[in-house]
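Enquirer: missing the sequence, but the structure's below:
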């Protein structure tokens, strides 16, 4: 993984996401999930392009179950954009880069 994407856990979620000064896009994913792997390189590119504007974070739903349960994550990948500590927008499923940047742009 790149230095542009932060790996977060149940323990770090509040500090990394809820108390973040800037919007945070959290990718809820799992190692065994094909679409999750497909969106990985796209998230890398977007993380570089949006550096300083938003933080992109990944949470492994197998290793961390409290936060995904709290937000009702049923399918992965699920992307939730948090602004000021609250979910502002959500998308489920892999998407193309254009779709992802449109989703981010329309919500930040």
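Expert: Structure's in. What do you need? What you are looking at is a predicted structure, and each value in this text was computed from that prediction instead of being measured.
Enquirer: so is the residue nearest the centre of the chain in a helix, a strand, or just coil?
Expert: Nearest to the geometric centre of the chain sits residue 26, at 1.9 Å (Cα atoms, centre = their mean). Of the three states, residue 26 takes strand according to DSSP: H, G, I helix; E, B strand; the rest coil.
Enquirer: which ones are touching it?
Expert: By Cβ atoms under 8 Å, 6 or more residues apart in numbering, residue 26 lies in contact with 8, 17, 57, 58, 59, 79, 80, 81, 82. The way it works is simple: take the backbone N, C-alpha and C, and place the C-beta from them, glycine included.
Enquirer: Where do the helices of the protein begin and end?
Expert: Residue ranges of the helices in the chain, as given by DSSP state H, are 13, 34-49, 66-70, 97-105.
Enquirer: Quick check: which of those helices is buried the most?
Expert: helix 13 (a mean of 21; mean count of other Cβ atoms under 10 Å).
Enquirer: That one - what's its average pLDDT?
Expert: Helix 13 shows a mean pLDDT of 98.
Enquirer: cool, and stretch 73-89?
Expert: Across stretch 73-89, the average pLDDT comes to 97.
Enquirer: Repeat that for stretch 36-54.
Expert: For stretch 36-54, mean pLDDT rounds to 96.
Enquirer: chain center to that stretch: distance?
Expert: 9 Å (Cα atoms, centre = their mean, to the nearest Å).
Enquirer: Can you convert the helices of the chain into TSV and add a column each for distance to residue 87?
Expert: Shown next, in TSV, are those (distance: least, Cβ to Cβ, whole Å):
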stretch	distance to residue 87
helix 13	12
helix 34-49	18
helix 66-70	10
helix 97-105	13
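Enquirer: closest to residue 4 out of those?
Expert: helix 34-49 (3.6 Å; Cβ to Cβ).
Enquirer: Just give the closest residue to residue 35, not the sequence neighbours.
Expert: Nearest residue to residue 35, sequence neighbours excluded (Cβ to Cβ, 6 or more residues apart in numbering): residue 94, at 3.8 Å.
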